[in-house]
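Chemist: Dropping the sequence and predicted coords here.
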Amino acid sequence: MSAPLFEIRDLHVAVEGKEVLKGVNLVVRRGEVHAIMGRNGTGKTTLSYTLMGHPKYQVLSGSILLDGEDITQLKPEERAKKRLFLAFQYPVAIPGVSVASFLRASMKSVRAGEIEPSKFRSLIKDELKHLSIPETFMTRSLNEGFSGGEKKRLETLQLRLLQPKMAVLDETDSGLDIDALRIVSENLQSFRNSDRGMLVITHYQRMLNYIKPDVVHVFGSGRVLESGGPELALKLEERGYDWVEGA
């Protein structure tokens, strides 16, 4: 049997000397979408940053594997080139760097040799239409003055252009109105295929109405407390987290 696409093994992580993740175990196989749900402060965003290699988050023990390769010690840019992608809860603005320049540089770095530079423009234009993003955005500074919905659409555009094997989405539905939620979610859903995986971190069922998860995990106290099928998300919507021991 081939190795899982993505695996987290007994991951313990500290932030500023305090242990936040306390033994996270999770396996995503090719073609699967997993959802993580949990209260604020339980370590969900710490998990997402750790998976992408943020230096603030110290791995005490455990490992992160992508396609069977241990990437725990790799830098963020090295993980990106291995085709791991993180969509941030709060995408940062980079004044002075245009959206077009950022996207071209990202594609050259991650997908070097796959796409002829002359094809970049037409590829980006096609994806802009899917996400209802005006072409005028390409000349603006990255995320500067963007609304929450605009930032999340742009990040979804990045994902679709970079074609990651494994995408971690940290509360992508945060700050989205109804129309933006539908557009972003439908584009993420259409990105699914039998070779890719997604880990969707969210508070609400509403995004999961579009991106149907194969597995739902309840996160609490820095670890996975409960796992189940899509019905688990509905149970959380109805009953909250109190019924999960330790949540």
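Modeler: Great, that's in hand. Predicted model only: the values in this text are computed from it and were never measured.

Chemist: Compute the number of surrounding residues for the closest residue to residue 16 other than its chain neighbours.
Modeler: Leaving out its chain neighbours, the residue that sits closest to residue 16 by Cβ to Cβ, 6 or more residues apart in numbering is residue 56, at 7.9 Å. To be clear about C-beta, it is placed using only N, CA and C from the backbone, and glycine gets the same treatment. Using other Cβ atoms under 10 Å, residue 56 has 9 neighbouring residues.

Chemist: SS state for the most far-flung residue of the chain relative to its centre?
Modeler: Within the chain, the residue lying farthest from the chain centre (Cα atoms, centre = their mean) is residue 118, at 28.7 Å. With DSSP: H, G, I helix; E, B strand; the rest coil as the basis, residue 118 sits in helix.

Chemist: residues touching it, list them.
Modeler: If you count contacts by Cβ atoms under 8 Å, 6 or more residues apart in numbering, residue 118 has none.

Chemist: per-residue pLDDT, it?
Modeler: The predicted structure scores residue 118 at 77 on the pLDDT scale.

Chemist: same check, this time on residue 216
Modeler: Per-residue confidence at residue 216 stands at 97 (pLDDT).

Chemist: Could you measure from it over to residue 3?
Modeler: Going from residue 216 to residue 3 by Cβ to Cβ, to the nearest Å gives 23 Å.

Chemist: From the neighbour counts alone, determine which of these two ranks first.
Modeler: Legend: neighbour count by other Cβ under 10 Å for residue 216 and residue 3, higher for residue 216 (25 against 14).

Chemist: That one pairs with what?
Modeler: residue 35, residue 228 (DSSP bridges).

Chemist: just to revisit the earlier point, the residue nearest to residue 16 is in contact with residue 14, isn't it?
Modeler: No - the criterion here is Cβ atoms under 8 Å, and residue 56 misses it with residue 14 at 10.0 Å.

Chemist: Need the overlap of contacts for these two.
Modeler: Contact criterion Cβ under 8 Å, 6+ apart; residues shared by residue 56 and residue 14: none found.

Chemist: Residue 188 touches residue 155, doesn't it?
Modeler: No - Residue 188 is beyond contact range of residue 155, at 10.3 Å (criterion: Cβ under 8 Å).

Chemist: Going along the chain, name the helices of this structure.
Modeler: Counting by DSSP state H, the chain has helices at residues 44-52, 76-81, 99-110, 120-130, 148-162, 178-191, 205-208, 231-239.

Chemist: and those helices, which is most packed in?
Modeler: helix 44-52 (a mean of 22; mean count of other Cβ atoms under 10 Å).

Chemist: now for stretch 198-206, what's the gap between its first and last residues?
Modeler: Taking Cα to Cα, to the nearest Å, stretch 198-206 runs 17 Å from one end to the other.

Chemist: ugh, wrong one, stretch 62-76
Modeler: Start-to-end span of stretch 62-76 (Cα to Cα) is 18 Å.

Chemist: How about residues contacting it?
Modeler: Stretch 62-76 has contacts (Cβ under 8 Å, 6+ apart) with 2-12, 23-24, 50-54, 59, 78-79, 82-84, 165-166.
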